[in-house]
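> Based on what follows, work out the 3D shape:
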Amino acid sequence: MGLSNDPEAAVWVRRHAAQWQQLAAETAASARRTHLSVEQALQTLGAYRTLSRHLATVRSQLPGSLPAAALERTCAQLHTVVNRPARFGRAEWVRMVREDVPAAAAAVRVTTLWLAALLAVSTCAGWWLISRYPELVSLIASPQMIDGVEHGHLWTYQILTLGPPALLSARIFSNNVMVTLGAFCFGTLFGLGAFYMIAFNGLMLGGLLAFTHQHGLGLGLLKFTLAHGPVELSVMCLAAAAGTALGEALIRPAEFTRHEALRRRAAQLGPLLLACALLLLGSGLIEGFVSPRPQISILARLAIGLGYWTLMLLWLSGRLFRRTGPRVTS
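Sure thing, here's the model as predicted:
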């Protein structure tokens, strides 16, 4: 039915034509926006309701007409805008840092403590092994490192010659991230990979401490690792525990399929990996700017190491960003 066959409908269409053009322009503008304020969102929803009502009226009064086709097009565009998924904005980042990271850390707390105990035991085993059989140090140290220690020089304080501290921190950060990702990925092998990574690194740490102690340089190595070591080792245990949790999801998927159990577990532990990366970034800065400088006292290094480690524990426990006001529930 055309507009000329229904004068009342034609008048109604002409009366609302300007409003439809304005709504069409607002629809095009909303589709291009990446962020909407509360007022803009409510305005868009109001326009969607108005267009839907007008479209229903035009379809009943003027089916198949040009105004009906134009309104259908505009309404379809606005429907897409209204129903598009929310972007990961500031509120989601705040929620992840404040809630998701501590929740993920709590989910693997027991496994992390067991892996930390394994790290301590393997470190003691490495110390005993190299103390009893010093010739085995060649399995965990390069010939250059061994030669330097035997001549009274630690390799740790020579890393400043490799470049400026900023570049050194970037290299250390990338290396730490690779080790952490390795601990996480190997943990998915039903926990056996995590056991290997933690035990091997513990044996290396204990063996190097014993070897340097034999040549009077043990305190120097301890002094070097004191500022950045506690957080680095803790992050490695966290990543290995997260990988072990993924492996457990494959072994015991409960009521889900293995694919679904793995997907749910990965979504739960994803924020923890991001937290590990941020913590390693801080450790890399400390290791690049603080650890290689012999003029920094051991007390200052101890304060930095314990302070940063305490900050990590407060974050992972949820106490660092604890809400101060009452929680609103709906």
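
> Which secondary structure elements does the helix or strand hosting residue 206 sit against?
Element membership for residue 206, per DSSP states H and E: helix 192-214. Applying 3 or more Cβ pairs under 8 Å, 6 or more residues apart in numbering; DSSP states H and E, one finds that helix 192-214 makes contact with helix 109-132, helix 143-150, helix 165-187, helix 218-225, helix 229-251. Every C-beta, even on glycine, is put in place using the N, C-alpha and C of the backbone.

> would you turn these into a markdown table with mean pLDDT?
As requested, those are arranged in a markdown table below (pLDDT from 0 to 100):
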| stretch | mean pLDDT |
| --- | --- |
| helix 109-132 | 95 |
| helix 143-150 | 89 |
| helix 165-187 | 77 |
| helix 218-225 | 90 |
| helix 229-251 | 91 |
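
> if you compare those helices, which one is most tucked away?
Most buried of those by mean neighbour count (mean count of other Cβ atoms under 10 Å) is helix 229-251; its value is a mean of 24.

> and that helix with helix 109-132, angle?
Calculated by axes from the mean of the first three to the mean of the last three Cα atoms, to 10 degrees, helix 229-251 forms an angle of 120 degrees with helix 109-132.

> Next, residue 254: secondary structure please.
Three-state assignment for residue 254 (DSSP: H, G, I helix; E, B strand; the rest coil): coil.

> Surely it and residue 260 touch.
No: counting by Cβ atoms under 8 Å, residue 254 stays clear of residue 260, with 9.8 Å between them.

> Pick out whichever of the two has more residues nearby.
residue 260 (13 against 8; other Cβ atoms under 10 Å).

> Give me the distance between the more buried one and residue 250.
Using Cβ to Cβ, to the nearest Å, residue 260 is found at 11 Å from residue 250.

> Name the single longest helix found in the chain.
In the chain, assigned by DSSP state H, the helix with the most residues is helix 258-289.

> Give the buried residues for the helix or strand just after that one.
Toward the C-terminus, helix 258-289 is succeeded by helix 298-317 as the next helix or strand (DSSP H and E). Neighbour-count burial for helix 298-317 flags 301, 304-305, 308-309, 312, 315-316 (criterion: 16 or more other Cβ atoms under 10 Å).

> and the two most separated of those?
Longest distance between any two of these is 22.5 Å, between 301 and 316; criterion Cβ to Cβ.

> the domain parsing of this protein - what is it?
3-83, 90-317 (automatic domain parsing).

> chain center to the shortest one, what's the gap?
I take that to be domain 3-83. In terms of Cα atoms, centre = their mean, to the nearest Å, the centre of domain 3-83 is set 42 Å apart from its chain centre.

> Also stretch 292-306?
28 Å.

> hmm, back to that, ok and the helix holding residue 206 relative to helix 229-251, angle-wise?
Using the same axes, to 10 degrees, helix 192-214 lies at 160 degrees relative to helix 229-251.

> by how many degrees do helix 192-214 and helix 218-225 diverge?
With the same axes, to 10 degrees as the basis, helix 192-214 and helix 218-225 are set at 130 degrees to each other.

> Report the buried residues of helix 192-214.
If you call a residue buried by 16+ other Cβ under 10 Å, then helix 192-214 has these buried ones: 193-195, 197-199, 201-213.

> gap between the residue nearest in space to the middle of the chain and residue 16?
Centroid-nearest residue in the chain: residue 274, 1.5 Å away (criterion: Cα atoms, centre = their mean). Residue 274 sits 50 Å away from residue 16, going by Cβ to Cβ.

> for residue 261, same thing?
Separation of residue 261 from residue 16 (Cβ to Cβ) stands at 54 Å.

> Ok, residue 314 next?
Look at residue 314 and residue 16: by Cβ to Cβ, they are 59 Å apart.

> same deal with residue 313?
63 Å.

> Can you get me a residue count around residue 286?
Residue 286: 21 neighbours (other Cβ under 10 Å).

> Would you mind confirming that residue 48 is in contact with residue 79?
Yes: contact status for residue 48 versus residue 79: in contact at 7.1 Å, counting by Cβ under 8 Å.

> Look at the two and report which has more neighbours.
A side-by-side neighbour count of residue 48 and residue 79, using other Cβ under 10 Å, places residue 48 first with 20 against 14.

> where's that one, which helix or strand?
Going by DSSP H and E, residue 48 is in helix 38-61.

> With only the CA atoms kept, save that helix in PDB.
The C-alpha coordinates for helix 38-61 follow below in PDB (Å, rounded to 0.1, in the frame of the first residue of the first chain):
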ATOM      1  CA  VAL A  38      25.700   6.100  30.800                       C
ATOM      2  CA  GLU A  39      23.700   9.000  29.300                       C
ATOM      3  CA  GLN A  40      24.700   8.000  25.800                       C
ATOM      4  CA  ALA A  41      23.800   4.300  26.400                       C
ATOM      5  CA  LEU A  42      20.400   5.200  27.800                       C
ATOM      6  CA  GLN A  43      19.800   7.500  24.900                       C
ATOM      7  CA  THR A  44      20.700   4.700  22.400                       C
ATOM      8  CA  LEU A  45      18.300   2.300  24.200                       C
ATOM      9  CA  GLY A  46      15.600   4.900  24.100                       C
ATOM     10  CA  ALA A  47      16.100   5.400  20.400                       C
ATOM     11  CA  TYR A  48      16.000   1.700  19.900                       C
ATOM     12  CA  ARG A  49      12.600   1.400  21.600                       C
ATOM     13  CA  THR A  50      11.200   4.400  19.700                       C
ATOM     14  CA  LEU A  51      12.300   3.000  16.300                       C
ATOM     15  CA  SER A  52      10.900  -0.500  17.200                       C
ATOM     16  CA  ARG A  53       7.500   1.000  18.000                       C
ATOM     17  CA  HIS A  54       7.500   3.100  14.800                       C
ATOM     18  CA  LEU A  55       8.600   0.200  12.700                       C
ATOM     19  CA  ALA A  56       5.700  -1.900  14.000                       C
ATOM     20  CA  THR A  57       3.300   0.800  13.200                       C
ATOM     21  CA  VAL A  58       4.700   1.400   9.700                       C
ATOM     22  CA  ARG A  59       4.700  -2.400   9.000                       C
ATOM     23  CA  SER A  60       1.000  -2.600   9.800                       C
ATOM     24  CA  GLN A  61      -0.100   0.600   8.100                       C
END
